[in-house]
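Student: give me coordinates for this.
(one chain, ligands or ions: 1)
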Amino acid sequence: MRGVTVAITGANSGVGYHTALGLSRLGARVVLICRDQGRGERAQTAIEAETGARPDLLVADLSDMGEVRRVAADLQRAAPDLRVLINNAGVVTSRRTMTREGHELSNAVNHLAPFVLSNALLDLLKANAPARIVNVNSESHLSATLDFGDLDGEKQSFPPNRYGQSKLANMLFTVELAQRIDPALVTANALHPGLVATDFGDVGGVVQFGWTFMKPFGISPERGARTPIYCASSPQLDGVTGAFFVDCKPARPNPIVRDPAVRARLWEATERLVGKM
Ligand SMILES: NC(=O)c1ccc[n+]([C@@H]2O[C@H](COP(=O)([O-])OP(=O)(O)OC[C@H]3O[C@@H](n4cnc5c(N)ncnc54)[C@H](OP(=O)(O)O)[C@@H]3O)[C@@H](O)[C@H]2O)c1
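Tutor: Okay, here's the model as predicted:
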């Protein structure tokens, strides 16, 4: 990965931190995109201590699409040679939480932010081809359903359903994006990192309750970073696009992603929420 510049969202903890560390170890220049300046700086310092290379840091709250557009512009200035974008930041909520812009939080961070950030950086990535977009998704999208009339989860009373729907939307977006771009220029793939023992589910309520039982069975964040590192760096994936990976191997996504009408409808519905890209 020497000579390759990679940007990673949610890079201060868990899977994102270890993906940034691993890619830095492989020689990539890494740009961390984090919500909090202090947590981002701690990740910068820790990666520098491990690898000798200090990653760059950009700060943005990715639940706010104005911030997502602003950080995309900052990234174009800070990393004009960007070749890999990893949309890793994610959130699960116990209570339905609305953002300042009026979106449900998990829809905003897990689906809308990767949609806006990827589209805003697409011309830059094409100019630096061959380039890659890697979306850290989840197997929870497999059993999820998508309610087009309710992307912001007003009718979803069971919290994990909101998360599942947002990850299904992200999976549909990944495949549709892949269909729209020449894979010789930019590929777009998604992955499940495994059940990873991070603080992801420590959000109180019913999610926290479930996470308490699941977390002890989770793999380490370092191991959880293997598939994102593979998707970002493996030469085996040159030209491979629109795929879903688990354990560094191709896996079957939710069969609904094969329906072009559903994908196109979601793209249009998403543009109605965030503006035309
Ligand atoms: N853990 C699992 O078992 C598992 C399974 C399947 C998929 N995943 C996916 O893996 C990804 C990473 O999760 P993780 O397990 O590593 O959890 P994590 O340690 O909680 O990491 C989540 C990251 O996203 C960032 N983030 C959340 N909301 C943000 C916002 N509004 N703006 C900017 N950054 C924000 C967090 O920043 P802060 O530190 O500031 O909160 C944190 O850096 C997520 O997309 C998740 O859906 C995880």
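
Student: switch to C-alpha atoms for all contacts and neighbour counts from now on
Tutor: Noted.

Student: now do the phi/psi pair for N12.
Tutor: phi -90, psi -10 (degrees, to the nearest 10).

Student: surely it meets C34?
Tutor: Yes. Look at N12 against C34 with CA atoms under 8 Å: they come within range, at 6.3 Å.

Student: shared neighbours of the two, anything?
Tutor: Jointly contacting N12 and C34 under the rule CA atoms under 8 Å, 6 or more residues apart in numbering are G40.

Student: beta partners for the residue nearest to the spatial centre of the chain?
Tutor: Note on the chain: the residue nearest the mean C-alpha position is N87, at 2.6 Å, using CA atoms, centre = their mean. Bridge pairing for N87 (DSSP bridges) gives the partners N135.

Student: since we're on R77, how many residues are nearby?
Tutor: By the measure other CA atoms under 10 Å, the count of residues near R77 is 10.

Student: so which strand or helix has it?
Tutor: helix 65-78 (DSSP states H and E).

Student: quick check: buried residues in stretch 165-172?
Tutor: Neighbour counts over stretch 165-172 (16 or more other CA atoms under 10 Å) mark Q165, S166, K167, L168, A169, N170, M171, L172 as buried.

Student: and which of these is nearest to the ligand?
Tutor: For the buried residues of stretch 165-172, the closest approach to the ligand (CA to the nearest ligand atom) belongs to K167, at 7.6 Å.

Student: nearest spatial neighbour of E41, chain-adjacent residues omitted?
Tutor: L57 (7.4 Å; CA to CA, 6 or more residues apart in numbering).

Student: mind telling me what element that neighbour is part of?
Tutor: strand 56-59.

Student: one more: L168?
Tutor: helix 159-180.

Student: gap between that helix and the chain center?
Tutor: Its chain's average C-alpha position is 10 Å from that of helix 159-180, according to CA atoms, centre = their mean, to the nearest Å.

Student: helix or strand right after it?
Tutor: According to DSSP H and E, the helix or strand after helix 159-180 is strand 186-192.

Student: can you tell me the average pLDDT over that next one?
Tutor: Mean per-residue pLDDT for strand 186-192: 98.

Student: tell me the contacts of the nearest residue to K167 once chain neighbours are set aside?
Tutor: Ranked by CA to CA, 6+ apart and with sequence neighbours excluded, the top spatial neighbour of K167 is H141, at 5.2 Å. The neighbours of H141, taking CA under 8 Å, 6+ apart as the test, are G164, Q165, S166, K167, L168, M171, P253, N254.
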